[in-house]
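Q: sharing a model prediction with you, sequence too.
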Amino acid sequence: MDTPGSSSTTENRNARPLRCAVYTRTSREQEDGPTFSSIHSQQEACYAHIASRHHLSWLPASASYDDPGFSGATLERPALQQMLADIDAGRIDRVVVYKLDRLSRSLAYFAQLMARFERHRVALVSVTQHLNSEDAAGRLAINALISFAQFERENTGERIRDKARATRRQGMWTGSVPPMGYDADGQRLRVNEDEARVVRNIFERFVAQGSITALVKELGTQGVTTKVWVTRTGRSRGGRPVDKNDLYKLLNNQTLIGEMKSGDEWHVGVHEPIIPTDLWDRAHALLDARRRPQKRARGRLDDFLLKGLVFGTDGRAYSPWRSSVRNGRSYAYYVPQRKIAEGAGASDLPRCPASELEAVVVEHLRGQLRGPTSLLAHLPESARQHPRYDEAAVVAMLANIDAAWDLFLSGVQHELIQTLVERVTVGTDKVSISLDRDDVGRMVLDLLRG
């Protein structure tokens, strides 16, 4: 005769083990040593919780996923990414955390994680908050707690920004990297004499020459670079050749004459100026003379079909650019960013009339749609395995897009170009066009689904 409870005991003993992954995170690296860190305390609580559910077939996974020193505001954490990969591979049934904010502090990211968990039927368990996403009440409580956590995080950010603005209104420094000519000393700026001499020389040479382009070339031959600084993680930044953008920022930075910016306003700073007022005024008289009012052509940069897709063979991007109105007409180009930053002679690559380059790319794309042999050869398996997939039908669908191209609104054409074109590479004598095979596959799937 069975004793009371014997059937449930037998059922639990025969149940499939539920593999439980423990995820821990701290915002700062713990110092090496025998101290009992937050990572250790999180692990102990999580493994104890799993052990208490042993009768429900909960077993710890073979690995613990620990991210010491990573912010909860990002998903780019090595242990988290490894855990997600193991979830995708079907190696995890439960994710156990000490508190929900160990997983993420962002409501949007948390929603992404929960959608991924649910897709693989993985439950989320919070030990100290006694929450389990397996039931509706647990899911409701988890969503409510994450919403309040993000609300508090945003409030904290606003308080920090308000404090920084108030500090700058008092003329003191807040921030990470001070301008060239200064070093940060707490909330004060201390003059860096070596950099200050370089800054004064830049102002004096600009007043003498009156040309930003000529000054960029002169500083390049002298080996002058942007400010060198070291991040909190010990990485060196800056130290690259000065370009036109760097000079404009420097020549317009009122910190150099003893002021401090808070919001859109400048206040008297407590630091020592390194540019005399008369030198500043002469430099800005030249800058004001250069700012001749020009009537710009109507139209937005968003009107450029290839915005963000054009690069030179040197790896640097091309930028959309419109000329001023001349004789009632304006001209649109894609221009190498190096020419914009360093002057017209800085790059051997050509500037491309927008209409001509866009026509080449559109004709290439339409030719691929009319004869999609190479496109179909690289379709992902998800498209080929669709129950409605038929190569002849797909060829006809793609040909229909080409046939209807001139009937599409400009916004539809723009979206198709931005989706299907991966990169346009401009050389001195040719243009190379590559399509995004993955996005082509997704478009085919959408067509098959009707």
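A: That came through fine.
Q: all strands of the stretch 51-200 of the chain, in order?
A: Under the criterion DSSP state E, counting those that start in this stretch, the stretch 51-200 of the chain contains strands at 58-60, 65-68, 94-97, 123-126, 131-132, 182-185, 188-191.
Q: give me the pLDDT for R296.
A: With respect to pLDDT, R296 scores 46.
Q: and V22, by the same measure?
A: V22 carries a pLDDT score of 95 in this model.
Q: how about it: what's its closest non-neighbour residue?
A: Leaving aside its chain neighbours, V22 sits nearest to C46 (4.3 Å; criterion: C-beta to C-beta, 6 or more residues apart in numbering). The C-beta positions use only the backbone N, C-alpha and C, and glycine is treated the same way.
Q: burial measure for the one you found, as a count.
A: The tally of other residues near C46 (other C-beta atoms under 10 Å) stands at 26.
Q: follow-up on the earlier one: among the strands of the stretch 51-200 of the chain, show me which one is buried the most.
A: Per residue and on average, the most neighbours among the strands of the stretch 51-200 of the chain fall to strand 94-97, with a mean of 24 (mean count of other C-beta atoms under 10 Å).
Q: show me the contact partners of that one.
A: With C-beta atoms under 8 Å, 6 or more residues apart in numbering as the test, strand 94-97 has contacts from 18-24, 42, 46, 49-50, 58, 83, 87, 103, 117, 122-127.
Q: again with stretch 308-318
A: Applying C-beta under 8 Å, 6+ apart, the contact partners of stretch 308-318 are 334-338, 347, 349, 352, 357, 417-418, 421-428.
Q: quick one: terminal-to-terminal distance for stretch 373-390?
A: End-to-end span of stretch 373-390 (C-alpha to C-alpha, to the nearest Å): 14 Å.
Q: quick one: average pLDDT of that stretch?
A: Here the average pLDDT along stretch 373-390 is 77.
Q: ok, now stretch 273-282?
A: 91.
Q: check the separation of the first and last residues in it.
A: End-to-end distance for stretch 273-282, by C-alpha to C-alpha: 16 Å.
Q: pull out the buried residues from that stretch.
A: Across stretch 273-282, burial judged by 16 or more other C-beta atoms under 10 Å covers 273-275, 279-280, 282.
Q: narrow the contacts of stretch 308-318 to those that are buried.
A: Among the contacts of stretch 308-318, those classed as buried by 16+ other C-beta under 10 Å are 334-338, 347, 349, 352, 357, 417, 421, 424-426.
Q: out of these, who's nearest N252?
A: Q337 (20.6 Å; C-beta to C-beta).
Q: number of residues surrounding V228?
A: Quick note: V228 (other C-beta under 10 Å) scores 12 neighbours.
Q: then H267?
A: 16.
Q: so it is in which element?
A: Assigned by DSSP states H and E, H267 falls within strand 265-268.
Q: which residues touch that strand?
A: Strand 265-268 is contacted from outside by 168-171, 254, 258-261, using C-beta under 8 Å, 6+ apart.
Q: export the residues you listed to JSON lines and tack on pLDDT, neighbour count and distance to S382?
A: Below are the contacts of strand 265-268 laid out as JSON lines (pLDDT from 0 to 100; neighbours: other C-beta atoms under 10 Å; distance: C-beta to C-beta, whole Å):
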{"residue": "R168", "pLDDT": "79", "neighbour count": "21", "distance to S382": "53"}
{"residue": "R169", "pLDDT": "82", "neighbour count": "15", "distance to S382": "57"}
{"residue": "Q170", "pLDDT": "82", "neighbour count": "13", "distance to S382": "59"}
{"residue": "G171", "pLDDT": "83", "neighbour count": "18", "distance to S382": "60"}
{"residue": "Q254", "pLDDT": "91", "neighbour count": "16", "distance to S382": "57"}
{"residue": "G258", "pLDDT": "89", "neighbour count": "17", "distance to S382": "63"}
{"residue": "E259", "pLDDT": "89", "neighbour count": "16", "distance to S382": "59"}
{"residue": "M260", "pLDDT": "88", "neighbour count": "22", "distance to S382": "56"}
{"residue": "K261", "pLDDT": "83", "neighbour count": "15", "distance to S382": "52"}
